[in-house]
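1. Provide a 3D model corresponding to the input given below.
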Amino acid sequence: MAWFAVTLGGAVTSTYAAPDAPAASASSPAPDSVTTLLIERGLLPASSAAVVQSVRDKTSDLVVSAMNFLGVPYRRGGTSEEGFDCSGFTRHIFEMSIGRVLPRRADEQAKSPDLFKVAREELKPGDLVFFNTMRRTFSHVGIYLGENKFIHAPRPGGEVRIEDMGQSYWAKRFTGARRAPEVDGFEQRMQNGLQQLRSAVAPGAADTVR
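-> Numbering: from 1, shown residues only. The predicted structure is shown next:
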């Protein structure tokens, strides 16, 4: 494995790259050089290029910041670009992008008095979404991107990635969402930029996460 750096949304992030990762498919929607690099390194499915293209310059700092870390490896207890666990990832993104310091664990984030509950049908980009993946109500957390997609640090051996909450694995394990007061101010800026997210990620088997 090797390190390399990419720039997305004006921020530089380093991550691991597999030396024999597949190149982008011919059907990729004219990605820019950064997106092409992510695809070539195997860190972003070719069919997901539209997500990066649509959110890079059109969405909130929080969502763009989260996208910067696509491909960063999962690391238990990790809270930096060297590796994240699920709640370490959300904590890092919220603090870096909007200055809000979340509690450390997923269950603590779900129970934070500074965040308010959100119904699934009222989700907005930037909301925290929670799942029961370890027989605990709030054992996993990610960041909602819009169009039923979320970004998260999934499990040991995995990398920060985008997934569809409509997949059966996630749909039956979804346990709630929370919103920071700052997120309400993002909605107007994000409406147009997230319209293309419906073509986001290629369907794949969602495996058990921690």
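2. longest helix of the chain?
-> If each helix of the chain is counted by residues according to DSSP state H, the longest one is helix 86-98.
3. helix or strand right after it?
-> helix 106-110 (DSSP states H and E).
4. what does the helix or strand just after that next one contact?
-> Next helix or strand after helix 106-110 toward the C-terminus (DSSP H and E): strand 116-118. Strand 116-118 is contacted from outside by Lys124, Asp127, Gly176, Ala177, Arg178, Arg179, Pro181, using CB atoms under 8 Å, 6 or more residues apart in numbering. Every residue, glycine included, has its C-beta placed from N, CA and C.
5. Among those residues, which lie within strands?
-> Of the contacts of strand 116-118, the ones assigned to strands by DSSP state E are Gly176, Ala177, Arg178, Arg179.
6. burial of Ile98, as a residue count?
-> Residues lying near Ile98 (other CB atoms under 10 Å) number 18.
7. all helices of the chain, in order?
-> Secondary structure of the chain (DSSP H): helices at 33-40, 49-55, 61-67, 86-98, 106-110, 168-171, 187-190.
8. tell me the mean pLDDT over the second one?
-> For helix 49-55, the mean per-residue pLDDT is 54.
9. Please tabulate the ones in strands among the contacts of strand 116-118 in a markdown table and include pLDDT, distance to Leu102 and neighbour count as additional columns.
-> Below are these laid out as a markdown table (pLDDT from 0 to 100; distance: CB to CB, whole Å; neighbours: other CB atoms under 10 Å):
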| residue | pLDDT | distance to Leu102 | neighbour count |
| --- | --- | --- | --- |
| Gly176 | 98 | 15 | 16 |
| Ala177 | 98 | 14 | 22 |
| Arg178 | 97 | 9 | 21 |
| Arg179 | 94 | 12 | 18 |
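10. Tell me the one among these nearest to Asn132.
-> Gly176 (9.7 Å; CB to CB).
11. Apart from its chain neighbours, what residue comes closest to the closest one?
-> Leaving out its chain neighbours, the residue that sits closest to Gly176 by CB to CB, 6 or more residues apart in numbering is Phe130, at 5.1 Å.
12. Mind pulling the model confidence for that neighbour?
-> At Phe130, pLDDT is 99.
13. tally of neighbours for it?
-> Quick note: Phe130 (other CB under 10 Å) scores 23 neighbours.
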